[in-house]
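**Student:** got a predicted structure here, sequence first:
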Amino acid sequence: MIDVNKLFDLLLYDPNDPVLFNSAFFFYYFAVFLLCYLAVHKSKTGRVWVYTLFSLYFFYKACGYYVGLVILSAIVDFNLSKWIHRTPKKSTKKLLLIFSIILNIGLLFYFKYTNFFIGILNDFAAGSIPLLKLTLPIGISFYTFENLSYTIDVYRDEIEPVDNFMDYLFFLSFFPKLMMGPIVRAADFIPQISQPYVIDSDDIGKGMYLIISGLFKKIVISDFIYLNFVQYIFDDPSKHTGLECLLGVYGYALVIYCDFSGYSDMALGIARWTGFKIPPNFNSPYQSRSITEFWRRWHISLSSWLRDYLYIPLGGNRKGKVRQYINLALTMLIGGFWHGASWNFIFWGGMHGSMLAIDKVRIDYLKKRQIQFGGFSGGLLKVLGVLFTFHFVCFCWIFFKAATFHDAWALIHQIAYDFQPEIWPELYTGYTAVFWVMVMGFVLHFMPAKAELSMENIYSKLPVVASVAVMVAFVWLLAQVKSTQPMIPIYFQF
């Protein structure tokens, strides 16, 4: 007999157990959602209402009554954008846009940065202002940027405002990307809402591949490496040798990539199954030969957002070389601050911004002198470029992950002054499975794009029954290897 009270409790928000793509609850939720969605798939209005209600409930299960912020944001920007579009006077349009930006950034600032600046005031003025008891709403950084891009695009006359409020709420609350991105733009998403729901074998195969590969990255690679090795290293680096710390940094490079890109892949796959195509967020970033290329491959939706709505408005490359380098550094500083209210993130963004500026100098120098490298020397430089870029990114990850500057420098100190390579046999014996999973993760990451395309084609050619069997078998396998408690995705905190 079904315990009604237990079922009711399961359906309510639990702050200690937020819904995740890799949680058992999500599989039941998604199955019910698909049944309801397919039941109304011929009606555009029905699809919008079902998807929106399920999305809002999904967000409620993730962060409780903060779901109201999504609805409030949608109401404000839906109406402001229409007002901006109807207003003929340019100065009034600009005032309305500024008002929208202040509201959106103000909401984000209040929840994310208030305590950070209170701490700064207390430090500099020897004050004792109490910190506020604030909980960061999950996904607020993502849907704030989506709101801003929508209103700015309307102001620029690049898109027309949405006529139907439910369409805009649907766009903003779309659950596959709501909490961890990608940052989707209204111009790319909203036109798809009115299109009939039609999916083919390619959509099914591509969606399945993305969901399976995303779950594999998240649970088998990221969670396993973090729980069984990386967390011990970063908890107290001074207790570990330099060799352990270095391997911990390599491990974290895989952890953060597989965690975030795995979730993004699942979002893309779920969207594909429901008739929507959202842009990819990652493209094998550790294959990059320069830091410029890295930021074209890593968190692509954030990189392009910062370029279009911050770097270019600051002047981009239109106001001279020095100003361009300053704009690059400033954009990445703000990008680092977007990740969190911490000096570590600001320093991380500053290092990337500085390196982007230096790389731009290198690119301009080679172009000006028409220097090109081919043959053996060109191939060697490509390999060296990948190695340098990867290790620079890993160095920056230390500050991104470490709780404090002290912990970051302690880890770097261990690598530089207490390496102890002779402990490798003992270390390998203790963490054999972890190191082989790391090897597997890097091998998969450096596989050519053709291999991924081949896998997608195989999935797309499977009959429906075989596809269901593959998915069920894969979910069963994950249940055998995953940790008892699903690990909270890293980018939930942003």
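**Tutor:** Alright, I've got the coordinates. Numbering: from 1, shown residues only.
**Student:** can you list phi and psi of Tyr365 for me?
**Tutor:** Main-chain dihedrals, Tyr365, degrees, to the nearest 10: phi -60, psi -50.
**Student:** repeat that for Tyr37.
**Tutor:** Torsion angles at Tyr37 (phi, psi; degrees, to the nearest 10) stand at phi -70, psi -40.
**Student:** from what I can see Asp364 touches Tyr325, true?
**Tutor:** No. Using C-beta atoms under 8 Å as the test, Asp364 is too far from Tyr325 to be in contact (10.1 Å). In short, each C-beta sits where N, CA and C put it, glycine included.
**Student:** which residue of the two possesses the greater neighbour count?
**Tutor:** Tyr325 (18 against 13; other C-beta atoms under 10 Å).
**Student:** for Leu121, grab the count of nearby residues.
**Tutor:** Using other C-beta under 10 Å, Leu121 has 11 neighbouring residues.
**Student:** next: Phe116.
**Tutor:** Phe116 has 16 nearby residues by other C-beta under 10 Å.
**Student:** what about Thr114, distance to Leu132?
**Tutor:** 6 Å (C-beta to C-beta, to the nearest Å).
**Student:** between the two, who's got more neighbours?
**Tutor:** Thr114 (14 against 10).
**Student:** now do the contacts for that one.
**Tutor:** Listed by C-beta atoms under 8 Å, 6 or more residues apart in numbering, the contact partners of Thr114 are Leu132, Leu134.
**Student:** per-residue pLDDT, it?
**Tutor:** Reading off the confidence values, Thr114 has pLDDT 90.
**Student:** before we move on, which element is it in?
**Tutor:** Secondary structure here is read from DSSP states H and E; on that basis Thr114 sits in helix 90-125.
**Student:** what about stretch 276-285, start to end distance?
**Tutor:** With C-alpha to C-alpha, to the nearest Å as the measure, stretch 276-285 spans 25 Å from end to end.
**Student:** next, the buried residues of that stretch.
**Tutor:** Neighbour-count burial for stretch 276-285 flags Phe276, Ile278, Asn281, Phe282, Ser284, Pro285 (criterion: 16 or more other C-beta atoms under 10 Å).
**Student:** could you do stretch 12-19 as well?
**Tutor:** Buried residues in stretch 12-19 (16+ other C-beta under 10 Å): Tyr13, Pro18, Val19.
**Student:** gap between the helix holding Thr114 and the chain center?
**Tutor:** Centre-to-centre, helix 90-125 and its host chain are 23 Å apart (C-alpha atoms, centre = their mean, to the nearest Å).
**Student:** following that helix, which helix or strand shows up next?
**Tutor:** Immediately after helix 90-125, counting by DSSP H and E, sits helix 140-155.
**Student:** list the helices and strands that following helix packs on?
**Tutor:** Taking 3 or more C-beta pairs under 8 Å, 6 or more residues apart in numbering; DSSP states H and E as contact, the helices and strands that helix 140-155 lies on are helix 67-86, helix 90-125, helix 165-173, helix 175-178, helix 186-193, helix 300-306.
**Student:** can you put the ones you listed in JSON lines and add distance to Thr389?
**Tutor:** Listed next are the helices and strands packed on helix 140-155 as JSON lines, based on distance: least, C-beta to C-beta, whole Å:
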{"stretch": "helix 67-86", "distance to Thr389": "37"}
{"stretch": "helix 90-125", "distance to Thr389": "30"}
{"stretch": "helix 165-173", "distance to Thr389": "35"}
{"stretch": "helix 175-178", "distance to Thr389": "28"}
{"stretch": "helix 186-193", "distance to Thr389": "29"}
{"stretch": "helix 300-306", "distance to Thr389": "15"}
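**Student:** so Ile278, which state does it fall into?
**Tutor:** Look at Ile278: counting by DSSP: H, G, I helix; E, B strand; the rest coil, its state is coil.
**Student:** cool, and the one 4 residues further on?
**Tutor:** Here Phe282 is recorded as coil under three-state DSSP.
**Student:** check contacts around it.
**Tutor:** Taking C-beta under 8 Å, 6+ apart, one finds Tyr257, Phe260, Ser261, Ser264, Arg297, Trp298, His299, Ile300 in contact with Phe282.
**Student:** and of those, the nearest to Gly336?
**Tutor:** Among the contacts of Phe282, His299 lies closest to Gly336 (C-beta to C-beta), at 12.0 Å.
**Student:** what does the closest one show for phi and psi?
**Tutor:** Per-residue torsions, His299: phi 40, psi 60 (degrees, to the nearest 10).
**Student:** that one touches Tyr263, doesn't it?
**Tutor:** No. Contact between His299 and Tyr263 fails when scored by C-beta under 8 Å: they sit 11.8 Å apart.
**Student:** one step back: and the angle from the helix holding Thr114 to helix 140-155?
**Tutor:** 150 degrees (axes from the mean of the first three to the mean of the last three C-alpha atoms, to 10 degrees).
**Student:** by how many degrees do helix 90-125 and helix 67-86 diverge?
**Tutor:** Using the same axes, to 10 degrees: helix 90-125 against helix 67-86 is 140 degrees.
**Student:** now the strand or helix carrying Trp424: buried residues?
**Tutor:** Trp424 is part of helix 424-430 when elements are defined by DSSP H and E. By neighbour count with 16+ other C-beta under 10 Å, helix 424-430 contains the buried residues Leu427.
**Student:** average pLDDT for that helix?
**Tutor:** Rounded mean pLDDT across helix 424-430 is 95.
**Student:** for the next helix or strand after it, packing partners?
**Tutor:** Downstream of helix 424-430, the first helix or strand assigned by DSSP H and E is helix 432-445. Contacts defined by 3+ C-beta pairs under 8 Å, 6+ apart place helix 432-445 against helix 224-225, helix 242-273.
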